[in-house]
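1. need coordinates for the below:
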Amino acid sequence: MRIFFLAFALTSLNIINCISQENYRWNNVAIGGGGYVTDIVVHPKERDLIYIRTDVGGLFKWDNKHGRWIQLLDWVGYDNVNYRNVDGVAIDPNNPDLIYIAAGNDVLKSNNRGLSWKNTGLNKEFMGNGDYRWVGENIAVDPLNSKIIYCGTRNDGLYCSTDTAKTWQPVRQIPSGKKDIGIRTIVFDSKSIKDGKCQKIYVGIPGFGIYWSNDAGNTFSILNGSPLDVNRMAIAADGSLIVTHQGGLSKFNGKWTDISPHKNMEFCGLAIDPNNTEHYVISESRNDCLNSFFQTNDAGKTWNEVRRKIHFETAPGWYTFDAEVAEGTKTHPDKFTYFAAAVSSLAFDPFTPNKLLFSDWYAVWWTNNINAPLTEWVSNEKGHEETVVLSVVCPTGGFPLFTLMADNCGFFHNNIHDFPTKRLTDKAEGINLDYCDDRPSNLVMIDAEDWAGKNTRLLVSTDAGKTFMPITKPEGTSGRVAYSSDDSLNIVYLPAKNKQIYFTEDMGKTWVPSKGSPIDVLDREYIFNYNQPLAADKVEGSTFYLFCRGKLYQSADKGKNWILTQGEIPQEEGDDWTETSTADPTTESGFVNLKTAPGLKGTIWISLGKNGLWRSSNGGEKFSPDTFFEAARCLAWGKEAATSLFPTAYVYGTHQNEWGLYRSTDMGKSWLKINDNEHSLTRPYSMDGDKNKFGRVYLSIGGRGVMYGETDTK
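-> Below is the predicted model:
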């Protein structure tokens, strides 16, 4: 039974008490990896000190005591959100407390293993999600002298510091590389000792080859004969330089030698065993699953391919696999297998002989005996959350949480602490979802095959998301859906790319074009558009609302006809907080969030970016600004407090020019800030309040999956 809240509180829109702070506990909804781990960095002198960098999900450190990964960059704020795109990592081999990362537009330094960070002032551009992000590292500390650091940038060449990153100087003898790729790999030869520092330094520049110095960086020159398209480099025990590249595997010890196990194969990952210096392992470089591994125990004279048995039971349950592949009896699967996909890096554990780790598109895996005739591989993705979630939805009635995302479609979560066991559908992209309030087991969703919305489908579920069935779809791709609050047959579909709205009264068997609706609501098909301009009234089942460029339209007849309401409201304004996709620079998203309040007929709140939060209690006939917020990016409704008659409101916005997440239990009369400096929750894409538990709220954070917060009662 739907709760009908009293509406009298809506008349006091601008009577706002000062905020206070409430202690919240923050964690991730368990999904499990799901994004590109671009490198593994293992400290050579400290057991179990392991870092992984990611393209969009920040930097993680292994917590061996609790058997999980810990995120080190959740403090990143609104103005420096690009620090989450980590382009390079350097540890100091002689000081396990010291770590540097090249991220955003600077090099950051930590003296306490990532617990806190400070800027070093290099102020050059890095692109953790750019091309060649799977190679590296582009920053390195001289293993003989901790004061010396070299860092390669994406567009501004090579820089050197001789005072532990207090100052930086350009190295002008080296080209800056291709635009937006730059310098990707730096290694020191610790055996070339003079005056307490490494004499030999190698710098890999994709498309330009390898430059080197034989005099501790005083001069650099091209290393003649070097491969042009360098991926990774390492120094062997005899001082030889080992290089994976697009043409194979090469060795330099005064002259170049091709030591590839196979001709015409590109290799990327490279690891030299610290306990057996003639033991190398390399990985094939291919944008698909099951990249091959090869190893040599005689420094490249002979090779054998690594046979692998995959323990998928140790990975998140939704990682699909082929049973024969898992047993190591088949190398080419009938379906995509979430293992060794676009492998980026390999790393030996120096404290456990024969233990090897690798990173790929989704996760980190390891084997405890790389020399076994059949190697056995396990994973532990606890704490590593890296999906890009486009929409998060928590229905009423105790039904599961739903997450829809790029690349991995999405999931229903019966228990937010456990990894889901299967994807919602077999398509890559989960775009949008809504449910019928009176029958929350009825859902409608949109999926597609790629980011551009190829082969967009509409699907419905009548069993709370356990299964979805495709239904007829009218014209258009991607888009948004809204489900009537009390009629399980009535759905409204808003396609993207300047298409008109459609409605159905038979759960998608037939669709009819609406009349009177605008056609320029979603003008791009690209899935990374986070506007939510369509919603159903949560009380009046035949009523729907649509926001378009500063105007609110209403349909009171199930989506058949739309009329312009009388309420005056500004357009959304993004400006400096609007994001532009690097994959499609023409695609911008204004972060319009239109949300109707549970149990309150005609109650509409809309976030409009820099134009703030606007509210109506009469179906859009009149709007008033919420003067508490200067800007508003996301909003959501959740379960009412025990002492309140009204649903709980959550808004991510600015108050006194400070971004934060705020909660109100009295329809905006007073607000509590519920996030802290360690959890900035920067730039959420979607947000929903838990309809079954007061105080719990879910936010999709780009590249960090879904974070949830709840009152800390401890």
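2. and for residue 163, the neighbour number?
-> The number of residues packed near residue 163 is 10, by other C-beta atoms under 10 Å. For glycine as for every other residue, the C-beta is placed from the backbone atoms N, C-alpha and C.
3. ok, now the one 10 residues further on?
-> For residue 173, the tally of surrounding residues (other C-beta under 10 Å) stands at 15.
4. who are the contact partners of the spatially closest residue to it that is not a sequence neighbour?
-> Leaving aside its sequence neighbours, residue 173 sits nearest to residue 220 (C-beta to C-beta, 6 or more residues apart in numbering; 4.3 Å). Residue 220 makes contact with 171, 173-174, 201, 203, 211-213, according to C-beta atoms under 8 Å, 6 or more residues apart in numbering.
5. any quick ChimeraX command for the buried ones out of those?
-> Only the buried entries of the contacts of residue 220 go into this ChimeraX selection, using 16 or more other C-beta atoms under 10 Å:
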select :171,174,201,203,211,212,213
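6. just send the contacts of residue 220 back as TSV, with pLDDT too.
-> Putting the contacts of residue 220 into TSV (pLDDT from 0 to 100) gives the following:
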residue	pLDDT
171	97
173	94
174	95
201	98
203	98
211	98
212	98
213	98
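7. nearest to residue 412, of the contacts of residue 220?
-> Proximity of the contacts of residue 220 to residue 412 was ranked by C-beta to C-beta; the top entry is residue 203 with 48.4 Å.
8. quick check: beta-bridge partners of that closest one?
-> Taking DSSP bridges as the rule, residue 203 bridges to residue 186, residue 211.
9. that one reaches residue 188, doesn't it?
-> No: contact between residue 203 and residue 188 fails when scored by C-beta atoms under 8 Å: they sit 10.5 Å apart.
10. confirm residue 83 sits in a helix?
-> Yes: Residue 83: assigned to a helix according to DSSP: H, G, I helix; E, B strand; the rest coil.
11. for it, list the residues it contacts.
-> Contacts of residue 83 by C-beta under 8 Å, 6+ apart are 58, 73, 76, 103-104, 106, 108.
12. what about the closest residue to residue 351 other than its chain neighbours, which helix or strand?
-> Nearest residue to residue 351, sequence neighbours excluded (C-beta to C-beta, 6+ apart): residue 47, at 4.6 Å. Using DSSP states H and E, residue 47 maps to neither a helix nor a strand.
13. what's the burial count for residue 47?
-> For residue 47, using other C-beta under 10 Å, the count is 13.
14. now secondary structure and distance to residue 642 too, for the contacts of residue 83, in TSV please.
-> TSV is the format used below for those (DSSP: H, G, I helix; E, B strand; the rest coil; distance: C-beta to C-beta, whole Å):
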residue	secondary structure	distance to residue 642
58	coil	36
73	coil	36
76	coil	35
103	strand	43
104	coil	43
106	strand	46
108	strand	44
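15. now for those, which pair is the farthest apart?
-> Using C-beta to C-beta, the contacts of residue 83 span at most 15.1 Å, a distance reached by 58 and 106.
16. the two: which is more packed in?
-> Taking neighbours as other C-beta under 10 Å, residue 58 and residue 106 compare with residue 58 leading, 25 against 21.
17. what's the pLDDT at the closest residue to the more buried one other than its chain neighbours?
-> Nearest residue to residue 58 in three dimensions, chain neighbours excluded: residue 73, at 3.9 Å (C-beta to C-beta, 6+ apart). Per-residue confidence (pLDDT) for residue 73: 97.
18. now for residue 73: which residues touch it?
-> Counting by C-beta under 8 Å, 6+ apart, residue 73 makes contact with 58-59, 83-84, 86, 103.
19. quick one on the thing from earlier: can you pull the pLDDT of the residue nearest to residue 351?
-> pLDDT, read off for residue 47, is 97.
20. and it, how far from residue 96?
-> With distances taken as C-beta to C-beta, to the nearest Å, residue 47 is found 10 Å from residue 96.
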